[in-house]
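[1] The amino acid sequence is not available; the structure is as follows:
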C-alpha cells in the first residue's frame, strides 16, 4: 500500500518541476530577474517559493526514508535559482526510485517519530504518517509554489498541477 504511493509523489514532483519551468520561462520572457520569483511569497509570514520546493522535496525523501529505515540524501537547503531547485527535485525523484516495495512492506503499523518544528516531535503509525502527514504536506507545498508563481503573473493552470495524472478523457 505505501509503496504504491511513490508514483504519486514522483508525479507531483514532476508537475512541480514543470511549473518551475514555466516560472523560469516567464521570468526570461518578461525580463525579470528569476530571483524575484524564487524569493516571492504570498504573505509576509509564509515561506518563499524556494523554501516551498525544498519542503516538498524533503517531505518525499525524508518521509520515505523514515518509513523504510534507509538514509535519505542530504541537501544543503541553499537553492535559490530555478536551476538549483530543478536539480533538487531531480535528486529527490532519483532517490524515490531507489526505495523498494520490500523496504516498505509491513510498515503500516510501525510508529514513525519525526520533527514537526524546532521543538516538537510527533509520532504516527506508518499508514497515518503517509496519509495524514506526508501527502497533505506534499500537496500543500506544491500548490503553494504553484500559487506563488500564479500570483506573480506566470501562466500556469490547474492542468499544470495535475500534469501526469491518469485522467480519463
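    Good, I have the coordinates. Quick caveat, the model's predicted, so the values are computed rather than measured. Residues are numbered from 1 along each chain as shown.

[2] Provide the secondary structure category for residue 113.
    Assigned by DSSP: H, G, I helix; E, B strand; the rest coil, the conformation of residue 113 is strand.

[3] Which residues are in contact with it?
    Contacts for residue 113 (Cβ atoms under 8 Å, 6 or more residues apart in numbering) come out as 121, 122, 123. Placement of C-beta: from N, CA and C, glycine included.

[4] try it again with 7 Å
    By Cβ atoms under 7 Å, 6 or more residues apart in numbering, the contact set of residue 113 is 121, 123.

[5] phi, psi of the closest residue to residue 110 other than its chain neighbours?
    With Cβ to Cβ, 6 or more residues apart in numbering as the criterion, residue 110 has its nearest non-adjacent residue at 4.7 Å, and that residue is residue 126. Backbone geometry at residue 126, expressed as degrees, to the nearest 10, gives phi -50, psi -50.

[6] And for residue 121?
    When read as degrees, to the nearest 10, the backbone of residue 121 gives phi -120, psi 130.

[7] So which residues of this structure form helices?
    Ranges of helices within the chain are 6-29, 34-38, 49-68, 82-96, 101-104, 126-128, 135-151, 158-161, based on DSSP state H.

[8] Can you tell me which of the ones you listed is nearest to residue 115?
    Residue 115 lies closest, by Cβ to Cβ, to one member of the helices of the chain: helix 49-68, at 9.4 Å.

[9] what's next to that closest one, contact-wise?
    Helix 49-68 is contacted by residues 2, 6, 9, 13, 16, 37-40, 71-73, 77, 79-80, 85, 88-89, 92, 95-96, 99, 103-104, 107, 112, 114, 126, 129, 134, 137-138, 141-142, 144-145, 148-149 when judged by Cβ under 7 Å, 6+ apart.

[10] angle of that helix against helix 6-29?
    Put simply, helix 49-68 runs at 170 degrees to helix 6-29, going by axes from the mean of the first three to the mean of the last three Cα atoms, to 10 degrees.

[11] residue contacts, residue 108?
    Residues near residue 108 by Cβ under 7 Å, 6+ apart: 1, 2, 125, 126, 127.

[12] Give the buried subset of these as a PyMOL selection command.
    The PyMOL command for the buried members of the contacts of residue 108 (criterion: 16 or more other Cβ atoms under 10 Å) is given here:
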select buried, resi 2+126+127
